[in-house]
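1. the sequence isn't on hand, but the structure is:
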């Protein structure tokens, strides 16, 4: 199953950052995520949309690993999570 980068749309509410519908597909790379205060982008599975590219949002629900990275990011003041491997989540400063 393919994966891609998705930006967080800044939705508010209890656990809004865990809802796949609150992330939008990022066209192309690179993108800028500098800072440590808020979620910027996640690397998640998506359903293949058309020959033109993936669907707009990641596959719902987000995998347990991605959800864990999101929850962990709320308390860590670092840019990429996990730190010891390829990051699946980047943060930014608002």
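-> Noted; the coordinates are in hand. Only a predicted model underlies this, so the values are computations on that prediction, with no experimental measurement involved.

2. which parts of this protein are strands?
-> For the chain, the strands defined by DSSP state E occupy 3-8, 23-25, 38-45, 48-50, 53-54, 80-81, 89-92.

3. would you tell me which one of those is buried the most?
-> Highest mean neighbour count of the strands of the chain: strand 89-92, a mean of 22 (counted as mean count of other CB atoms under 10 Å). To be clear about C-beta, it is placed using only N, CA and C from the backbone, and glycine gets the same treatment.

4. direction included, what does that strand pair against?
-> Sheet pairing of strand 89-92 (DSSP bridges) gives strand 38-45 (antiparallel), strand 80-81 (antiparallel).

5. wait, what's in contact with residue 26?
-> By CB atoms under 8 Å, 6 or more residues apart in numbering, the contact list for residue 26 reads 4, 5, 6, 7, 41.

6. isn't the third one up against residue 44?
-> It stands for residue 6. Yes - here residue 6 reaches residue 44: they are 5.8 Å apart, a contact under CB atoms under 8 Å.

7. switch the contacts of residue 26 over to CSV; also include pLDDT and distance to residue 70.
-> Shown next, in CSV, are the contacts of residue 26 (pLDDT from 0 to 100; distance: CB to CB, whole Å):
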residue, pLDDT, distance to residue 70
4, 90, 16
5, 92, 14
6, 94, 12
7, 94, 13
41, 96, 11
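
8. from these, which two are the most distant?
-> Based on CB to CB, the longest span within the contacts of residue 26 runs between 4 and 7 and measures 10.8 Å.

9. rewinding a little: intersection of neighbour lists for residue 6 and residue 44?
-> Counting by CB under 8 Å, 6+ apart, the common neighbours of residue 6 and residue 44 are 23, 58.

10. just give me the neighbour total for residue 83.
-> Other residues lying near residue 83 total 9 when counted by other CB atoms under 10 Å.

11. excluding chain neighbours, what is closest to the residue most central in space within the chain?
-> For the chain, the residue nearest the mean C-alpha position is residue 42 (1.8 Å; CA atoms, centre = their mean). Leaving aside its sequence neighbours, residue 42 sits nearest to residue 89 (CB to CB, 6 or more residues apart in numbering; 5.1 Å).
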